[in-house]
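Peer 1: What follows is a predicted structure for the sequence shown.
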Amino acid sequence: MKEIGSPILQNEQFLKREDNYKNLVRKIKALHDKIKLGGGEKAIERQHAKGKLTARERIEKLIDEGSEFYEINSFAAHGMYKEYGGAPSAGTVMGVGEINGEKFFIVANDATVKAGAWFPMTAKKNLRAQEIAMENRLPIIYLVDSAGVFLPLQEDIFPDKEHFGRIFRNNAKMSALGIPQFAAIMGPCVAGGAYLPIMSDEALIVDGEGSVFLAGAHLVKAAIGEVIDNESLGGAKVQSNISGVTDYIVKDDNEGLELIRSLTGKYGPRKKAGFNRITPKPPKFSPEEIYGILPEDNFKQYDTYELLARIVDDSVIDEYKAGYGKTIVTAYARIDGWSVGIVANQRSVVKSEKGEMQIGGVIYSDSADKATRFIMNCNQKNIPLVFLQDVTGFMVGSKAEHGGIIKDGAKMVNAVANSVVPKITIIVGNSFGAGNYAMCGKAYDPRFIFAYPNSRISVMGGTQASNVLLDIKLKQMKKQGKVFAEKEKKKLLAEIQKSYDEKGEPVYAASRLWIDEIIDPAKTREYISMALEVSNNNPEMEKFNVGVIQT
């Protein structure tokens with residue numbers, strides 16, 4: 001066992017970093033608070049005037065009192081669909097909550113946003129919800145209140161494989177896997193959207209507010225000439241007492257939420273994966289000190305061991321190959337009592353075993369080799385993996401190429417891709433190029449992927465990318481007979497870099513669901529523990545096989 005970390009000297013550098021990071025956290029929280037208003041205060045008032053709760057109010061009443069709701073993808077669609085007035089959180093609120101002491105995934109339409117209509121990102125977000133539920137065998141609850149597909153964008157939501165119809169396919173697959181699904185129809189449920197609650201195991205409907213039909217009254221009249229109102233067509237009494245489509249009628253939202261709690265509280269015990277967990281111990285150093293450890297500039301150095309000392313139990317690790325491949329730290333540890341294998345980029349400049357200086361945050365051949373072996377060991381021992389990304393990519397240049405960096409990088413990517421134990425990824429700082437892949441980016445199926453407010457995700461750093469893009473632009477202009485003055489070049493470079501940097505920011509990534517949530521670094525332990533508890537619900541593990549790895 002190795003004790004890590006040291007008391008932080010509250011010097012000028014620490015205080016400057018701390019102030020910078022607390023400001024980042026405040027900005028993210030302020031943006032999240034704004035997003036939580038959904039369609040705005042007037043839309044919330046209209047919802048209340050109907051005697052209905054908002055999506056977030058419903059979730060708050062549904063989960064155990066005093067428990068935490070871990071919202072996922074809250075920044076979805078941020079900055080998108082401006083021509084239609086925007087779609088905060090893609091009109092859907094979802095995340096992990098506790099009901100009767102058990103974890104559930106909850107998905108609630110936000111009717112204050114375009115009456116809960118489905119935008120393309122709404123479909124993508126709901127598919128992510130079902131993916132999390134399927135990967136972790138997590139029971140899921142749908143709180144339905146939606147006007148259906150947002151018609152001006154129907155071509156981007158309706159026909160393709162990862163579009164709207166995939167949700168109902170997933171309903172069927174989840175049912176076959178034995179994953180409980182419960183739906184509460186608390187408002188309109190129209191057209192194809194009607195299949196989601198009815199393909200769930202059980203469905204309740206709120207009298208006077210809930211309705212479910214394949215075509216509403218206006219479309220029925222247009223299609224077959226029948227004149228009928230929506231309540232007579234598919235209201236609560238019709239669908240429960242005549243058609244038998246829904247299973248329970250409730251008088252209002254509150255009664256419906258109480259019924260869900262009652263019914264889900266009677267579920268039988270479910271098998272667990274059995275990941276190792278003991279009584280937790282807090283770190284010896286405050287997690288809030290992470291604010292003063294991480295630099296204001298993502299390219300500045302810091303010691304990853306100091307970060308780990310504020311995340312792992314008792315600030316103790318069992319480090320694997322400590323003296324080899326030093327730009328990646330691999331270690332067994334516990335987080336909130338859970339046994340984990342940690343793969344973390346080291347941001348300090350270090351010496352290799354040959355005495356050569358190695359740049360922090362870069363993956364070298366020896367680091368890739370070490371990480372590959374460690375990942376394979378964790379799979380052998382049924383130990384979940386936690387990746388802490390702060391990576392600028394793999395080493396480049398003739399020496400690295402001649403040393404087989406592509407081969408060693410491919411081995412690491414192979415091990416990550418074929419890993420069968422749960423993988424939890426936290427983007428601490430940079431996540432550039434193939435380093436994103438090797439350190440278990442979104443494409444490599446982490447059960448959850450979170451990011452810190454200072455994180456950056458892109459194919460390379462903004463400075464390098466903008467210079468490359470400027471060079472291409474200048475060559476194009478030269479072919480057209482145009483030559484830029486030095487002042488114009490600097491202006492163009494600044495414009496390119498600004499655009500590139502904006503698209504690398506965590507909010508941009510979160511809006512497109514490249515990450516599941518932007519989290520406060522001081523809550524890293526909580527999020528990892530939640531993710532592991534959720535992952536522990538799936539006892540069905542594939543056999544670990546890495547296929548062909550070149551030696």
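Peer 2: Structure received.
Peer 1: Show the end-to-end separation of stretch 105-113, please.
Peer 2: 21 Å (CA to CA, to the nearest Å).
Peer 1: Same question for stretch 133-143.
Peer 2: Across its full length, stretch 133-143 reaches 15 Å between end residues, using CA to CA.
Peer 1: for stretch 97-115, same thing?
Peer 2: For stretch 97-115, the first-to-last residue distance is 24 Å (CA to CA).
Peer 1: quick one: average pLDDT of that stretch?
Peer 2: Averaging pLDDT along stretch 97-115 yields 96.
Peer 1: Go through that stretch and flag the buried ones.
Peer 2: Across stretch 97-115, burial judged by 16 or more other CB atoms under 10 Å covers 97-99, 102-115. Placement of C-beta: from N, CA and C, glycine included.
Peer 1: How about stretch 536-551?
Peer 2: Judged by neighbour count using 16+ other CB under 10 Å, the buried positions of stretch 536-551 are 536, 537, 538, 544, 546.
Peer 1: Contacts for it, please.
Peer 2: Stretch 536-551 is contacted from outside by 103, 135-138, 270-275, 372, 376, 379-380, 382, 407, 410-411, 414-415, 418-421, using CB atoms under 8 Å, 6 or more residues apart in numbering.
Peer 1: out of the buried residues of stretch 97-115, which are inside strands?
Peer 2: Among the buried residues of stretch 97-115, the subset assigned to strands under DSSP state E consists of 97, 98, 99, 102, 103, 104, 105, 106, 107, 108, 109.
Peer 1: Run through the strands of the stretch 301-450 of the chain in chain order.
Peer 2: Counting by DSSP state E, counting those that start in this stretch, the stretch 301-450 of the chain has strands at residues 316-319, 328-335, 338-345, 350-351, 357-358, 362-363, 385-391, 393-394, 423-432, 448-451.
Peer 1: can the ones you listed go into CSV with extra columns for distance to residue 242, mean neighbour count and mean pLDDT?
Peer 2: Listed next are those as CSV, based on distance: least, CB to CB, whole Å; neighbours: other CB atoms under 10 Å; pLDDT from 0 to 100:
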stretch, distance to residue 242, mean neighbour count, mean pLDDT
strand 316-319, 63, 18, 98
strand 328-335, 53, 24, 98
strand 338-345, 50, 25, 98
strand 350-351, 72, 14, 82
strand 357-358, 72, 14, 84
strand 362-363, 63, 25, 94
strand 385-391, 52, 27, 97
strand 393-394, 62, 22, 90
strand 423-432, 48, 27, 96
strand 448-451, 43, 26, 98
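Peer 1: And the furthest pair within the ones in strands among the buried residues of stretch 97-115?
Peer 2: 102 and 109 (23.2 Å; CB to CB).
Peer 1: that older thread, PyMOL command for the buried members of the contacts of stretch 536-551?
Peer 2: Filtering the contacts of stretch 536-551 down to the buried ones (16+ other CB under 10 Å) takes a single PyMOL command:
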select buried, resi 103+135+136+137+138+273+275+372+376+379+410+411+414+415+418+419+421
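Peer 1: Now intersect the contacts of stretch 536-551 with the helices, please.
Peer 2: 135, 136, 372, 376, 379, 380, 407, 410, 411, 414, 415, 418 (DSSP state H).
Peer 1: quick one: the last one and residue 549, what's the gap?
Peer 2: For residue 418, the distance to residue 549 (CB to CB, to the nearest Å) stands at 9 Å.
Peer 1: Common neighbours of these two, please.
Peer 2: What both residue 418 and residue 549 touch, as defined by CB under 8 Å, 6+ apart, is an empty set.
Peer 1: re earlier: which two among the buried residues of stretch 536-551 are spaced furthest apart?
Peer 2: Top of the distance list for the buried residues of stretch 536-551 (CB to CB): 537 and 546, 25.5 Å.
Peer 1: Span of stretch 245-259 from start to end?
Peer 2: 18 Å.
Peer 1: Touching it from outside, list them.
Peer 2: For stretch 245-259, the surrounding residues in contact (CB under 8 Å, 6+ apart) are 51-53, 58, 61-62, 184-186, 197-198, 202-207, 209-210, 212, 236-237, 239-241.
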